[in-house]
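Show me the folded form of this:
(2 chains)
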Protein chains: 2
Amino acid sequence: MAAKGTEAEKPENDSDRLVQLSNPNVATMKEDILYHFNLSTSTHDFPAMFGDVKFVCVGGSPSRMNAFIRYIGAELGLKCPGEDYPNICVGTDRYSMYKAGPVLSVSHGMGVPSMSIMLHELIKLLYHARCSNVTVIRIGTSGGIGLEPGSVVITRQAVDACFKPELEQMVLGKRVVRSTDLDQQLVQELMQCSTELGEFTTVVGNTMCTMDFYEGQGRLDGALCSYTEKDKQAYLQAAYAAGIRNIEMESSVFAAMCSACGLRAAVVCVALLNRLEGDQISSAHEVLVEYQERPQRLVGYFIKKRLGKA
Amino acid sequence: MAAKGTEAEKPENDSDRLVQLSNPNVATMKEDILYHFNLSTSTHDFPAMFGDVKFVCVGGSPSRMNAFIRYIGAELGLKCPGEDYPNICVGTDRYSMYKAGPVLSVSHGMGVPSMSIMLHELIKLLYHARCSNVTVIRIGTSGGIGLEPGSVVITRQAVDACFKPELEQMVLGKRVVRSTDLDQQLVQELMQCSTELGEFTTVVGNTMCTMDFYEGQGRLDGALCSYTEKDKQAYLQAAYAAGIRNIEMESSVFAAMCSACGLRAAVVCVALLNRLEGDQISSAHEVLVEYQERPQRLVGYFIKKRLGKA
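Residues are numbered from 1 along each chain as shown, chains lettered A, B, ... in the order given. The predicted model follows:
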């Protein structure tokens, strides 16, 4: 495995940590079709294509994940293959995937179910490719609570709408509750990177993961709303008191699934607005674009540092 | 409103049914930014752009919704503006939106949260545009239960993973349960269209809406799986006994939100495989493409018939 050489240079003393599945069935399958990636073990050589992957960065928007691969490719001094990095998930528009050296960049759409489909197939991809010591980071956008717009939040714990570090899922019609633990060492490492970078405010805080953007996050401006500004403020203030600094829609299943499959995972999101002061995202387009680059710059620096290039 | 003239020709005796919000706040807002559509009431003339919309078709994949607008535009004898229909949601890649005459075609991504964000903004768009008598139809893909692949299912009731016609949502940290009623007259009208069309098998059945594609639908081939083939079969057989004929990931919130805002709504999905016989979607690409056109052909015929052009 090409990966070994790279790993040996890393100043860590843990042994190779292979990506594992929490499902014995996959090892016995002759072919595995990753339908939403339009990739299959019978038509693609996963170890050759992905065996050297050490960092997977995921985010909602396909164009943002394309921008990230160009950014990280340039930062790592890699040559872009042709005019642009090709989309590996060609032939489907469910997700986009790009690769530059040891970095894979994948879009996941919006919400827990969309993230969950992507993660099932991504984790199987890494398993089939026999990847080891992989770090997965979500770089996303969010609504902040009590933060200046543009602040970056590194997630300590992903919590649900009741502020609990849990994800409830239905499996065969029964409720299953999973913990949403994230790697605390990685949180500290990323915070240290932000301090060294010194470009924008970064905080460590809890992140609330909701199933809806409007009612689910206490917005007053959706097609449906049956509560008052006062109710909303009380909910958001209670969230703040519980250590929550931002709200988004994918972190809980991301934390739960990565943890279940032994992948080190982190969530780094920029806050596009301060929800205590409003609901609509009304900043100018250029301002929002610059905000969205912040998690990319932080995680880019982290990757370069890990690879001894920062 | 340009819409009035069209409506008068329709052989229906119900009076104008304006699109309504279940939120008094929106009427008092000076500007409404539909962030995920990249549209705003202060920069776009919604009544001029959308006032004549009578049919909204939604589906997960942006390219499929582009294919649909080209199809329905041609069927209605409309001239395509330029080489292709322009994407109205230009400047964002969260959703795509196309329009041909009275038909709007919008993508919604995968899963309940992604559908819910789109619907909040779509319903507000129709409200700001002062649309009336709008029918909204989801044309999608699904896994069938006890059906030949390629069969089309018109949803009688959208049910959850416990087979109940309900959607549970968290609002300000509290559980809210909404009913997932669909318009039964529309179900019959669509079934009649399929009979007249006579091109493929169509059934009326319940549709199970899940929050995950793998564990949530009893698949044995995800990154995580802790049950057996026997457990899976028992669950799917119980679903069949409860009248469920297909499984997808958006119908419940689609039914609940359309119903809450007085929109007539229907769900028409093709079954890509028979889940009693497997989990992987392994049919040839061309076969799957033809399957995915079936809901489009059925709904295209329905729209033509409603407009007196079938």
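
is it true that residue A:141 lies in a strand?
Yes. The assignment for residue A:141 is a strand, going by DSSP: H, G, I helix; E, B strand; the rest coil.

who touches it in this structure?
A:60, A:248, A:269-270, A:272, A:291-292 (C-beta atoms under 8 Å, 6 or more residues apart in numbering or on different chains). Backbone N, C-alpha and C define where each C-beta goes, glycine included.

Next step: the residues you listed restricted to helices.
Members of the contacts of residue A:141 lying in helices (criterion: DSSP state H): A:291-292.

quick one: which of the contacts of residue A:141 is nearest chain B?
The nearest member of the contacts of residue A:141 to chain B, counting by C-beta to the nearest C-beta, is residue A:60 at 7.6 Å.

number of nearby residues for the nearest residue to that closest one once chain neighbours are set aside?
Leaving aside its chain neighbours, residue A:60 sits nearest to residue A:110 (5.4 Å; criterion: C-beta to C-beta, 6 or more residues apart in numbering or on different chains). Residue A:110 has 27 neighbouring residues, counting by other C-beta atoms under 10 Å in any protein chain shown.

State whether residue A:110 is indeed within a strand.
No. Secondary structure of residue A:110, determined by three-state DSSP: coil, with no strand assignment.

check contacts around it.
A:60, A:213, A:249-250, B:36, B:94, B:109, B:113-114, B:117.

For those, give me TSV that also has distance to residue B:138.
TSV is the format used below for the contacts of residue A:110 (distance: C-beta to C-beta, whole Å):
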residue	distance to residue B:138
A:60	22
A:213	19
A:249	21
A:250	23
B:36	18
B:94	18
B:109	12
B:113	15
B:114	13
B:117	15
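
ok, of the residues you listed, which come out buried?
Using 16 or more other C-beta atoms under 10 Å in any protein chain shown as the burial test, the contacts of residue A:110 include A:60, A:213, A:249-250, B:36, B:94, B:109, B:113-114, B:117 as buried.

Which parts of chain A are helices?
Here chain A has its helices, by DSSP H, at A:3-9, A:46-50, A:62-75, A:112-128, A:184-197, A:229-241, A:251-260, A:285-306.

Looking at the ones you listed, spot the one closest to residue A:163.
Nearest to residue A:163, of all the helices of chain A, is helix A:229-241, at 6.5 Å by C-beta to C-beta.

In chain A, where is pLDDT below threshold?
Applying pLDDT under 70 to chain A flags residues A:1-15.

Spatially central residue for it, please.
Compute the mean C-alpha point of chain A, and by C-alpha atoms, centre = their mean the closest residue is residue A:138, 1.6 Å away.

on that earlier part again, take the contacts of residue A:141 and write them to TSV, including distance to residue A:278.
TSV is the format used below for the contacts of residue A:141 (distance: C-beta to C-beta, whole Å):
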residue	distance to residue A:278
A:60	21
A:248	17
A:269	18
A:270	17
A:272	11
A:291	15
A:292	19
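
and the stretch 1-150 of chain A, which residues reach chain B?
Applying C-beta under 8 Å from any C-beta of the partner chain, we find that the stretch 1-150 of chain A lies next to chain B at A:21-26, A:29, A:31-33, A:35-36, A:60-63, A:91, A:93-94, A:109-114, A:116-117, A:119-121, A:123-124, A:127.

Give the bridge partners for the residue nearest to the centre of chain A, please.
Taking DSSP bridges, one obtains residue A:58, residue A:267 as the residues bridged to residue A:138.

Contacts only, for it.
A:57-59, A:108, A:250-251, A:254, A:265-269.

and if we set it to 10 Å?
Contact partners of residue A:138, counting by C-beta atoms under 10 Å, 6 or more residues apart in numbering or on different chains, are A:56-60, A:108, A:115, A:155, A:158, A:207, A:248, A:250-251, A:254-255, A:258, A:265-269, A:295, A:299.

hmm, which two among the buried ones among the contacts of residue A:110 are most spread apart?
Pairwise over those, using C-beta to C-beta, the maximum falls at A:250 and B:36, 14.8 Å.

can you list the domains in chain A?
Per automatic domain parsing, the domain ranges recorded for chain A read A:29-133, A:140-310.

chain center to the longest one, what's the gap?
Computed by C-alpha atoms, centre = their mean, to the nearest Å, the separation of domain A:140-310 from the middle of its chain amounts to 10 Å.

Next: the shortest one.
When C-alpha coordinates are averaged (C-alpha atoms, centre = their mean), domain A:29-133 and its chain have centres 13 Å apart.

I'd like to know how far residue A:205 sits from residue A:305.
22 Å (C-beta to C-beta, to the nearest Å).

between these two, which one's more packed in?
With neighbours defined as other C-beta under 10 Å, residue A:205 and residue A:305 compare such that residue A:205 has more, 21 against 15.

Test my guess that that one contacts residue A:146.
Yes. Using C-beta atoms under 10 Å, residue A:205 makes contact with residue A:146 at a distance of 9.4 Å.

which residues do the two both contact?
With C-beta under 10 Å, 6+ apart, residue A:205 and residue A:146 have common neighbours A:240, A:244-246, A:271.

closest to chain B among these?
Nearest to chain B among the shared contacts of residue A:205 and residue A:146, with distances taken as C-beta to the nearest C-beta, is residue A:244, at 11.4 Å.

What count of nearby residues applies to that closest one?
Neighbours of residue A:244 using other C-beta under 10 Å come to 23.

beta partners of it?
Applying DSSP bridges, one finds that residue A:244 bridges with residue A:206.

How about the contacts made by it?
The contact partners of residue A:244, taken as C-beta under 10 Å, 6+ apart, are A:144-146, A:153, A:155-157, A:159, A:163, A:205-208, A:236, A:238.

could you redo the last one with a cut-off of 6 Å?
A:145, A:206, A:208 (C-beta atoms under 6 Å, 6 or more residues apart in numbering or on different chains).

Export only the CA atoms of stretch A:48-68, formatted as CSV.
Extracted C-alpha coordinates of stretch A:48-68, given in CSV (Å, rounded to 0.1, in the frame of the first residue of the first chain):
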residue,chain,number,x,y,z
ALA,A,48,-5.4,2.3,-7.0
MET,A,49,-7.8,5.2,-7.1
PHE,A,50,-8.2,6.0,-3.4
GLY,A,51,-5.6,3.9,-1.4
ASP,A,52,-3.4,7.0,-0.6
VAL,A,53,-6.3,9.1,0.8
LYS,A,54,-5.5,10.4,4.3
PHE,A,55,-7.9,13.4,4.5
VAL,A,56,-11.5,13.6,3.4
CYS,A,57,-13.2,17.0,3.4
VAL,A,58,-17.0,17.1,3.0
GLY,A,59,-19.4,20.0,2.5
GLY,A,60,-22.9,20.6,1.3
SER,A,61,-22.3,22.4,-1.9
PRO,A,62,-20.7,20.7,-5.0
SER,A,63,-19.2,23.9,-6.3
ARG,A,64,-17.7,24.7,-2.9
MET,A,65,-16.1,21.3,-2.8
ASN,A,66,-14.7,21.9,-6.2
ALA,A,67,-13.3,25.2,-5.1
PHE,A,68,-11.7,23.5,-2.1
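
Can you list the neighbours in contact with it?
By C-beta under 6 Å, 6+ apart, stretch A:48-68 touches A:1-3, A:96, A:102-108, A:110, A:129, A:131, A:135-140, A:296, A:303, B:93.

so residue A:18 touches residue A:133, yeah?
No. Contact criterion C-beta atoms under 6 Å: residue A:18 and residue A:133 do not qualify, at 8.5 Å.

And these two? Which one has more around it.
Each of residue A:18 and residue A:133 has its neighbours counted (other C-beta under 10 Å); residue A:133 has more, 19 against 15.

Can you tell me which residues in the stretch 151-300 of chain A are near chain B?
For the stretch 151-300 of chain A, the residues in contact with chain B (C-beta under 6 Å from any C-beta of the partner chain) are A:161-162, A:170-173, A:211-216, A:218, A:220, A:222-225, A:227, A:235, A:249, A:260-261, A:280-282.

Much appreciated, bye for now.
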